[in-house]
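Novice: pasting the sequence and the predicted model now:
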Amino acid sequence: MDVLTTVLKISLILSVFALGLSVTPRDLTYGLRHPGELWRALLSMFLIMPAVAAIIAATFDLTQSVEIALVALAVSPSPALQLRKAAKAGGSTSYAAGVLIAAALLAIVWIPVSVEILERMFGMALEISPLRIAALVMTTVLAPLGAGIAVRAMAPAFANRMAAPCSRIAGITLLISLVPVLIIMLRPMLSLVGNGTLAAIVGFTAVGLISGHLLGAPSADNRKVLALFTISRHPGIAVAIAQANFPEQRLAVAAILLAVLVSAVISLPYLRWAKTHHATAAPAE
């Protein structure tokens with residue numbers, strides 16, 4: 001898992017750096033200029049998903065490992081993981097940048113708070129260090145985003161050339177790292193299938209996509225971005241929460257990876273529709 005976490009961080013850094021190469025300082029203030037859109041985005045990512053996880057955990061007769069996985073993922077938003085998909089779907093760069101920076105800053109405070117809330121709801125002894133969250137957010141979001149913006153400010157032509165290659169390298173890096181890990185974890189993940197596990201994960205993802213799509217209104221491009229951002233959870237933070245609080249639940253990590261994998265598969269039809277919609281809407285615009 002240490003290798004997965006490290007490579008995931010590298011992929012995240014490259015993705016956010018690529019976004020920084022494409023945006024301007026004005027893009028980062030999008031949320032301040034459109035507060036209504038920003039608040040709806042944060043509502044979808046930070047409040048609705050933990051609520052959905054809590055309802056699913058209370059409704060389904062799931063194993064504790066799966067419950068831990070859903071709760072840990074629900075309190076670990078990470079829109080940076082969906083930057084490349086959102087861009088391919090024709091999402092707004094300004095909106096993505098504005099929501100990303102706001103979400104990163106809020107995550108430092110919100111993740112420990114939401115963990116405390118869920119601890120009281122489920123009677124679980126949960127904890128996560130705010131300093132650890134701040135370090136993750138700084139290294140994987142704020143620093144690379146700032147670096148990309150700085151490069152664009154000094155050399156805009158170079159930034160334009162490098163944005164797409166950096167994004168592609170990030171995707172390849174993530175794929176190369178995940179394939180062997182998924183192969184190794186395949187048997188533990190399959191052992192978790194049953195007792196409504198897949199239905200719970202599918203429901204968790206579907207509600208996230210619907211929530212983001214509806215709350216991303218009125219812009220069609222923003223709907224796509226927020227739908228993908230809402231289901232984007234940080235497996236590294238989720239694994240850290242699970243391992244720190246439930247070291248005896250060895251299948252919790254497998255459950256987190258299973259949820260991430262199933263969510264990625266479930267999002268493909270929406271992503272395909274979003275790309276098609278963008279392609280057909282572009283000529284009309």
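Specialist: All right, it came through fine. Numbering: from 1, shown residues only.

Novice: all contacts plus neighbour counts: C-alpha atoms, from now on.
Specialist: Will do.

Novice: which helix in this protein has the most residues?
Specialist: In the chain, ranked by residue count with DSSP state H as the criterion, the top helix is helix 252-284.

Novice: how about it: buried residues?
Specialist: Neighbour-count burial for helix 252-284, counted by 16 or more other CA atoms under 10 Å, picks out 252-260, 263-264, 266-267, 270-271, 274-275, 278.

Novice: other SSEs contacting that helix?
Specialist: helix 64-74, helix 186-191, helix 197-215, helix 220-231, helix 235-245 (3 or more CA pairs under 8 Å, 6 or more residues apart in numbering; DSSP states H and E).

Novice: nearest to residue 94, out of the ones you listed?
Specialist: Nearest of those to residue 94, taken as CA to CA: helix 220-231 at 9.6 Å.

Novice: just want the angle from the closest one to helix 197-215.
Specialist: Here helix 220-231 runs at an angle of 150 degrees relative to helix 197-215 (axes from the mean of the first three to the mean of the last three CA atoms, to 10 degrees).

Novice: list the helices and strands the helix or strand of the chain with the lowest mean pLDDT packs on?
Specialist: Taking mean pLDDT, DSSP states H and E as the measure, the helix or strand of the chain with the lowest value is helix 83-88, at a mean of 74. Other elements packing on helix 83-88 under the criterion 3+ CA pairs under 8 Å, 6+ apart are helix 2-22, helix 220-231.

Novice: buried ones in the helix or strand following it?
Specialist: Tracing the chain C-terminally past helix 83-88 and defining elements by DSSP states H and E, one meets helix 93-122 next. Judged by neighbour count (16+ other CA under 10 Å), helix 93-122 contains these buried residues: 93-104, 107-108, 110-116, 118.

Novice: low-confidence ranges in the stretch 101-250 of the chain?
Specialist: For the stretch 101-250 of the chain, the stretches with pLDDT under 70 are 118, 121-128.

Novice: give me that answer again for 80
Specialist: The stretch 101-250 of the chain contains residues with pLDDT under 80 at 115-133, 136, 174-182, 235-237, 240, 243-245, 247.
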